[in-house]
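**Q** structure of the sequence below:
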Amino acid sequence: MKPYTGRCWRFGDDLASDEMIAPNHVFEYDPKVLRSHLLEGARPEFSQQAVSGDILVAGRNFATGSIHSHPFLALKDMNVALICQSVSRGPFRLAIYIGIPILIAPASVIESLKDADQLEVDFSSGRIRNNTSGQVHNVDPVSPFLLEIVTSGGGLAYARSITGPEGVPNA
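**A** This is a model prediction of the structure:
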């Protein structure tokens, strides 16, 4: 997987799924529509200014509260990756299943990444280079198996890649 190189979009602790996309959009599934609502309450400029390769950086309890796929579908459509201090199992699995690379980093790393810093993040090695400050951090990388799911395009694409046309595993 190529490293992500882009802007750091910095958020604090306890960024709830319902803050990422408001609950009144739960019956929308088109990623292009969802994208326009992503973080509209917290950072209205995000959906218009974030570009492919950017990295959303959050503190503790990322995607807390309701677990739904909408914010992750929008992030994947934008090709925006994630770094956070902590996330519960449900949103972590959802990010991987949808095909979004995610790293977990300690508070000291999260605190050193400032909004609008230019980052280069290698998810396979766990290397985070802040091109603005010159700092380099190494955290636990995404496991090779989970990285394979992400690079396949998500869980469904990965499953299709290891099965034949009849849904039978490739030998």
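
**Q** could you list every helix and strand in contact with the helix or strand hosting Leu146?
**A** Leu146 belongs to helix 144-152 when elements are defined using DSSP states H and E. Secondary-structure packing of helix 144-152 (3 or more Cβ pairs under 8 Å, 6 or more residues apart in numbering; DSSP states H and E): helix 89-98, helix 155-161. For every residue, glycine as well, the C-beta is placed using N, CA and C.

**Q** contact partners of the first one?
**A** Read that as helix 89-98. Outside of helix 89-98, the residues within contact range by Cβ atoms under 8 Å, 6 or more residues apart in numbering are 17, 62-63, 67, 69, 72-73, 75-76, 82, 87, 102, 146, 149-150, 154-156.

**Q** next SSE after it?
**A** Taking DSSP H and E, what comes next after helix 89-98 is strand 102-104.

**Q** sorry, back to before: then the helix holding Leu146 to CSV, C-alphas only?
**A** Output of helix 144-152 as CSV, limited to C-alpha atoms (Å, rounded to 0.1, in the frame of the first residue of the first chain):
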residue,chain,number,x,y,z
PRO,A,144,-0.6,-7.6,7.0
PHE,A,145,-4.0,-9.4,6.9
LEU,A,146,-6.0,-6.3,7.7
LEU,A,147,-3.9,-4.3,5.2
GLU,A,148,-4.7,-6.8,2.5
ILE,A,149,-8.4,-6.3,3.2
VAL,A,150,-8.0,-2.5,3.0
THR,A,151,-5.9,-2.6,-0.2
SER,A,152,-8.4,-5.0,-1.8
